[in-house]
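Participant: my questions are about this predicted structure, shown below with the sequence.
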Amino acid sequence: MQQCLTEKEVHPPIVPFVRECDYAVRHPWRYPERRLLDYLLVYVQEGECRFVVDGVAYRLQHGEFCLIQPGSLVDLEGVTDTITPFAHFDVFYNAERELSFPTRPGQIDLAAYSSLLQPRLDAAYKIQIPVRLKLRNPEKTRDHLIQLIERWQEGTTVAKLKVQHLATEIILAVLEEHLPHERAANSASPALNWITSYFSLHLSEPLSVQDMAERANLSPSRFSALFKRQYGVGPHQYLLAMRIRHAKELLETTDYAQEVVAEYCGFADIHHFSKAFKKNTGTPPGLWRKLKG
């Protein structure tokens with residue numbers, strides 16, 4: 001029986017590899033026609049560019065992203081003085097990636113380097129990815145690109161890991177925007193599975209619905225509605241239950257003063273803690289400790 005190929009078998013795994021990047025500050029310039037082996041992401045921070053990609057001309061202004069995929073024939077020009085942070089990178093793993101390179105002007109026939117040519121995202125996932133990218137959060141992707149350039153230039157082991165992480169974030173932003181099922185899932189019901197870990201890590205801090213909503217890229221009302229749908233209670237009630245649960249654990253297993261327990265569990269003061277604890281458990285915290293100790 002013939003088996004269906006899985007996504008993993010159709011194309012290599014996504015393992016970003018940044019080959020070259022820079023924060024380019026240039027006077028009017030031109031990089032004549034060539035064909036790419038890898039991906040080229042350009043952000044126009046200042047100025048105006050004219051890029052011809054596979055015969056189609058694009059005028060790119062301040063704040064716009066351009067993603068050119070492998071195999072494309074490109075002619076790049078800075079019409080004015082420009083600042084254009086950019087990165088040449090692989091998306092998919094290739095054991096020979098160290099041998100690949102950003103092509104130079106006039107390199108059009110790449111038959112001799114076919115083993116180095118990256119698969120295209122649009123072909124691998126059967127989606128339309130425009131050259132002029134339209135992203136839901138372009139400022140975030142811009143920041144990721146600039147941080148990526150800074151870390152890549154450092155060259156340390158930790159910096160290289162950070163570069164790979166930032167490149168993955170950029171690729172995720174592109175795929176989430178253009179994969180139909182990812183886009184539908186994001187717009188219909190954003191996942192809030194991160195929230196319990198977030199609460200645990202910040203339990204001693206003051207947390208507002210506004211803070212949580214901003215982290216989820218939602219309005220406070222939308223966030224609260226989705227949270228209640230997923231967890232059955234509102235975010236404040238859920239957070240309070242976590243704080244009370246942690247307070248019980250500290251009262252039962254440590255000798256911490258109640259003021260310390262209140263602070264560790266995110267209560268404003270001992271009075272707020274005592275009132276909330278008794279309302280939730282029916283027992284003051286001091287008595288709880290005696291009964292459970």
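Facilitator: On my side now, so go ahead.
Participant: rest of the way, CA atoms for contacts and neighbours
Facilitator: Noted.
Participant: what segments of the stretch 101-250 of the chain are helices?
Facilitator: For the stretch 101-250 of the chain, the helices defined by DSSP state H, counting those that start in this stretch occupy 121-125, 138-154, 157-178, 180-188, 195-201, 209-215, 220-231, 235-253.
Participant: confidence-wise, which of those is weakest overall?
Facilitator: If these are sorted by mean pLDDT, helix 180-188 sits at the bottom with a mean of 53.
Participant: residue contacts, the residue nearest to the spatial centre of the chain?
Facilitator: Nearest to the mean C-alpha position of the chain, counting by CA atoms, centre = their mean, stands E169 at 3.6 Å. Contact analysis of E169 by CA atoms under 8 Å, 6 or more residues apart in numbering lists 141, 144.
Participant: next one: R104
Facilitator: R34.
Participant: any chance of the helices of the stretch 101-250 of the chain in TSV, with distance to E48 too?
Facilitator: Formatted as TSV, the helices of the stretch 101-250 of the chain follow (distance: least, CA to CA, whole Å):
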stretch	distance to E48
helix 121-125	26
helix 138-154	17
helix 157-178	23
helix 180-188	30
helix 195-201	41
helix 209-215	32
helix 220-231	38
helix 235-253	46
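Participant: which among these is found nearest to H27?
Facilitator: Across the helices of the stretch 101-250 of the chain, H27 has its closest neighbour in helix 138-154 (20.1 Å, CA to CA).
Participant: re the thing from before, out of the helices of the stretch 101-250 of the chain, which comes closest to G63?
Facilitator: Here helix 138-154 is closest among the helices of the stretch 101-250 of the chain (CA to CA), at 8.1 Å.
Participant: can I get that closest one as CSV, trimmed to CA atoms?
Facilitator: Taking C-alpha atoms only, helix 138-154 is exported to CSV below (Å, rounded to 0.1, in the frame of the first residue of the first chain):
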residue,chain,number,x,y,z
PRO,A,138,5.9,44.7,11.6
GLU,A,139,7.5,46.6,14.5
LYS,A,140,8.1,43.3,16.4
THR,A,141,9.7,41.7,13.3
ARG,A,142,11.8,44.9,12.7
ASP,A,143,13.1,44.6,16.3
HIS,A,144,13.9,40.9,15.8
LEU,A,145,15.8,41.7,12.6
ILE,A,146,17.9,44.4,14.2
GLN,A,147,18.6,42.3,17.3
LEU,A,148,19.6,39.4,15.0
ILE,A,149,22.1,41.6,13.2
GLU,A,150,23.6,42.8,16.4
ARG,A,151,23.9,39.3,17.9
TRP,A,152,25.3,37.8,14.6
GLN,A,153,28.1,40.4,14.6
GLU,A,154,29.1,39.4,18.2
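Participant: list the contacts of it.
Facilitator: 18, 21-23, 43, 85-87, 159-160, 162-163, 166-167, 169-170, 173.
Participant: let's see it at 10 Å
Facilitator: Contact with helix 138-154 is made by 18-23, 41-45, 63-65, 85-87, 135, 158-174, as judged by CA atoms under 10 Å, 6 or more residues apart in numbering.
Participant: list the buried ones in stretch 234-249?
Facilitator: For stretch 234-249, the neighbour count (16 or more other CA atoms under 10 Å) marks 234-235, 238-240, 242-244, 246-248 as buried.
Participant: kindly report the same for stretch 267-279.
Facilitator: 267, 270, 273-274, 276-278.
Participant: nearest to T196, of those?
Facilitator: Taking CA to CA as the measure, T196 lies nearest F267 of the buried residues of stretch 267-279, at 17.9 Å.
Participant: so that closest one, which of the three states?
Facilitator: coil (DSSP: H, G, I helix; E, B strand; the rest coil).
Participant: surely it meets L203?
Facilitator: Yes. The pair F267 / L203 is scored as a contact, 9.3 Å apart, by CA atoms under 10 Å.
Participant: ok, T281 to R245 distance?
Facilitator: As defined by CA to CA, to the nearest Å, T281 lies at a distance of 10 Å from R245.
Participant: do Y256 as well
Facilitator: 15 Å.
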